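Participant: A predicted structure for the sequence below; I have some questions about it.
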Amino acid sequence: MRQKLVAGNWKMHGNLQMTQDLLKKLLKKQLPAAQLLVCPPFPYLQQAAQLLQGSTIAVGAQDCAVAQEGAFTGDVSALMLADLGVTHVLLGHSERRQYQQESNELVLAKTQAALAAGLIPVVCVGETLQQRDAGLSGEVVLEQAGVILRGLNRDQLDRVIFAYEPVWAIGTGLTASPEQAQEIHALLRSVVAKVDKKLAENMLLLYGGSVKPDNAASLFGMTDIDGGLIGGASLDADQFLAIGYAAE
Ligand code: PEP
């Protein structure tokens, strides 16, 4: 039985005050049975980890370096994140693929670094609108996920989470229909099953792209959707919690 996960990607939003207010608000409420994960920007990770210490809400980063230490100005290693109490890291988000030119191979190298440091990588995959219109959604997602599936061993894959995030649905208000999302999730699970059936049964596959309290339940109700990666709505404690409840 897979425990649903609802992760908040704060992107480059927030400050010390907002981090404190949002997390304290979450902590005051009855939390859903689904696992919650918040991914603030690097400067607020330590604050978040301290505020959430002893709670069931996990803390994730939005990226990590390939190397664990060394002369890599501006980079933050997975080991450093683990040192702060961070447990998860988002990798290969479409904004990083687009603005930082992150390739599938770089995402794999970062995934290996995250695993080596004991972090759980949440690897994002998804097609652009142009690719969807050309009928290439499945192909693109399988190519992105395939690099991860071929590059890691069975034990490593056991700790990987995939997030299917159609690029055209991120921050646009356009959401994949539950059926569109389910189709890609089922495809993803079927290729993971080719590596190992049990692995596929246990792997969490999140959906991301304009998930809001009013569409979350129908998405999370699909067989192969194990929760969500939430951008905009994760910046509001009430909305984030409502999405968490929808995952029960
Ligand atoms: C995201 O950035 O991962 C995301 C899904 O954003 P939004 O929910 O705002 O579409």
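Facilitator: Perfect, thanks for sending it.

Participant: can you pull the contacts of the nearest residue to Gly231 once chain neighbours are set aside?
Facilitator: Spatial nearest neighbour of Gly231, chain neighbours left out: Asn9 (5.1 Å); criterion: C-beta to C-beta, 6 or more residues apart in numbering. Placement of C-beta: from N, CA and C, glycine included. With contact set as C-beta atoms under 8 Å, 6 or more residues apart in numbering, Asn9 has these partners: 39, 62, 90, 93, 208, 229-231, 234.

Participant: the ligand: which of the residues you listed is nearest?
Facilitator: For the contacts of Asn9, the closest approach to the ligand (C-beta to the nearest ligand atom) belongs to Gly231, at 2.1 Å.

Participant: next one: that closest one relative to Lys25, how far apart?
Facilitator: Going from Gly231 to Lys25 by C-beta to C-beta, to the nearest Å gives 18 Å.

Participant: of those two, which one has the most company?
Facilitator: Gly231 (22 against 14; other C-beta atoms under 10 Å).

Participant: surely that one touches Ala169?
Facilitator: No - contact criterion C-beta atoms under 8 Å: Gly231 and Ala169 do not qualify, at 10.1 Å.

Participant: kindly state the pLDDT recorded for Gln30?
Facilitator: On the pLDDT scale, Gln30 is placed at 93.

Participant: what about the nearest residue to Leu31 once chain neighbours are set aside? Give its phi and psi, please.
Facilitator: Setting aside the residues directly before and after it, Leu31 is nearest to Thr56 in space (C-beta to C-beta, 6+ apart), at 6.1 Å. With angles defined as degrees, to the nearest 10, Thr56 sits at phi -90, psi 0.

Participant: can you check the one 10 residues further on too?
Facilitator: According to degrees, to the nearest 10, the main-chain angles of Val66 amount to phi -80, psi -40.

Participant: so the residue lying closest to it once chain neighbours are set aside is in which element?
Facilitator: Counting by C-beta to C-beta, 6+ apart, Ala109 is the residue found nearest to Val66 once chain neighbours are left out, at 4.5 Å. Counting by DSSP states H and E, the element that carries Ala109 is helix 104-116.

Participant: and that helix, what's its mean pLDDT?
Facilitator: Mean pLDDT, helix 104-116: 98.

Participant: parallel or antiparallel, which strands does the helix or strand that comes right after it pair with?
Facilitator: From helix 104-116 onward toward the C-terminus, using DSSP H and E, the following helix or strand is strand 120-125. Each strand paired with strand 120-125, and its direction, by DSSP bridges: strand 88-91 (parallel), strand 161-164 (parallel).
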